[in-house]
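Asker: Predicted model and sequence follow; I will ask about them next.
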Amino acid sequence: MSGMKFDEATAERLESMYLTPDLDAQRQDTMNRLALKPGEHVVDIGSGPGFMCQQMADAVGSSGRVRGIDLSPIMIDRASDRNSCEWLSFAQGDATALREADQTYDVVVSVQVAEYVPDIQRLCSEAFRVLKPGGRGLIMATDWDTVAWYTDDRNRMKRILDAYRLHCADSRLPQTLLPHLCEAGFTVTGVSIYPIINLTWDENCYSRQNVSFMAGYIKEKGSMGEAELQAWEEELRELGSQGRYFFVLNRTIFEVSR
């Protein structure tokens, strides 16, 4: 991730967030859109914990193949340790320089990764290169300008969100991704939104899990003091106890074909 120290503690926080019901529902929505068929070959660029790769492997079956690629050796090791499927494999790799042959895959997937890649045009070109003619793909990215997070202290919330946006190479990527995909050669067949909505301060909701992830990054960068970050979390907890908690974030989904 751009600007983020990726160690075991970060990996633990990331996996906890990916196991929330919110992101489980997002994975299921992604799987529904992909509509994978038995025997298809799929590459997941930026596979992270590998949870979606496991679901994709189940969908394509033993006659298919799923390859998960991630820049972090820690995430690759953790995903590989969980894997017991012969037709699913994980490898460390750079999204802008894939070690995969031309026109190898029926489906290319990249979820919540593109916004962390400094050279977005190169990522799009590599995704296009490894996709077979007639193949399809799905690229999902977050636009952090879409966050609606209720607070009684708007100035503090703005400072926190502004500080956290720096963990991305481009925190507004969906606003400019379309021409990059077209320049790479893709036909964009659909653009839509997947919203994450939290109305309660629940232990297993995405936004609550993300608070610790955000605070860890902001503290590491020295952007804000620990006391102010603790006050922010306390306010969110209090809003939850009062029934006033509200969080919305939009992911933008680009469906493509070659």
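Answerer: Received the coordinates, thanks. Numbering: from 1, shown residues only.
Asker: which other residues reach stretch 202-212?
Answerer: 13, 16-17, 20-23, 149, 196, 198, 201, 232-233, 236, 240, 247, 249 (Cβ atoms under 8 Å, 6 or more residues apart in numbering). C-beta: built from backbone N, CA, C; applies to glycine.
Asker: no wait, stretch 60-75
Answerer: The set of residues that contact stretch 60-75 without belonging to it, under Cβ under 8 Å, 6+ apart, is 6-8, 11, 14, 36-50, 53, 56-57, 76, 79, 85-95, 98, 100, 105.
Asker: Show me which residues of that stretch are buried.
Answerer: Residues of stretch 60-75 classed as buried under the neighbour-count rule (16 or more other Cβ atoms under 10 Å) are 60, 64, 65, 66, 67, 68, 69, 70, 71, 72, 74, 75.
Asker: again, but for stretch 130-137
Answerer: Applying 16+ other Cβ under 10 Å to stretch 130-137 flags 130, 131, 132, 135, 136, 137 as buried.
Asker: residue ranges of the helices in the stretch 51-200 of the chain, please?
Answerer: With helices called from DSSP state H, counting those that start in this stretch, the stretch 51-200 of the chain shows them at 51-60, 73-82, 120-130, 154-165, 177-184.
Asker: Tell me which residue is most central in the protein.
Answerer: If you average the C-alpha coordinates of the chain and look for the closest C-alpha using Cα atoms, centre = their mean, you land on residue 112, 2.2 Å from that point.
Asker: For residue 189, see how far away it is.
Answerer: To residue 189, residue 112 is 20 Å away according to Cβ to Cβ, to the nearest Å.
Asker: Below-threshold pLDDT in the stretch 151-258 of the chain: ranges please.
Answerer: Across the stretch 151-258 of the chain, not a single residue meets the criterion (pLDDT under 70).
Asker: those strands in the stretch 101-250 of the chain, which residues are they?
Answerer: Using DSSP state E, counting those that start in this stretch, the strands assigned to the stretch 101-250 of the chain run over residues 105-111, 131-142, 148-149, 187-198, 247-257.
Asker: Tabulate the ones you listed (TSV), appending distance to residue 205.
Answerer: Compiled in TSV, those are given as follows (distance: least, Cβ to Cβ, whole Å):
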stretch	distance to residue 205
strand 105-111	19
strand 131-142	16
strand 148-149	12
strand 187-198	4
strand 247-257	8
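Asker: tell me the most buried of those?
Answerer: Each of those was given a mean neighbour count from mean count of other Cβ atoms under 10 Å, and the largest, a mean of 24, is that of strand 105-111.
Asker: List the pairing partners of it within its sheet, with orientation.
Answerer: Strand 105-111 has its sheet partners listed here by DSSP bridges as strand 41-45 (parallel), strand 131-142 (parallel).
Asker: quick check: angle from that strand to strand 247-257?
Answerer: The directions of strand 105-111 and strand 247-257 differ by 160 degrees, with axes from the mean of the first three to the mean of the last three Cα atoms, to 10 degrees as the criterion.
Asker: and strand 105-111 with strand 187-198, angle?
Answerer: Comparing the axes of strand 105-111 and strand 187-198 via the same axes, to 10 degrees yields an angle of 40 degrees.
Asker: Once you drop chain neighbours, what's closest to residue 228?
Answerer: Using Cβ to Cβ, 6 or more residues apart in numbering and skipping residues adjacent in sequence, the residue nearest residue 228 is residue 156, 6.7 Å away.
Asker: what does residue 110 give?
Answerer: In space, residue 110 comes closest to residue 45 once its chain neighbours are excluded; the distance is 4.2 Å by Cβ to Cβ, 6+ apart.
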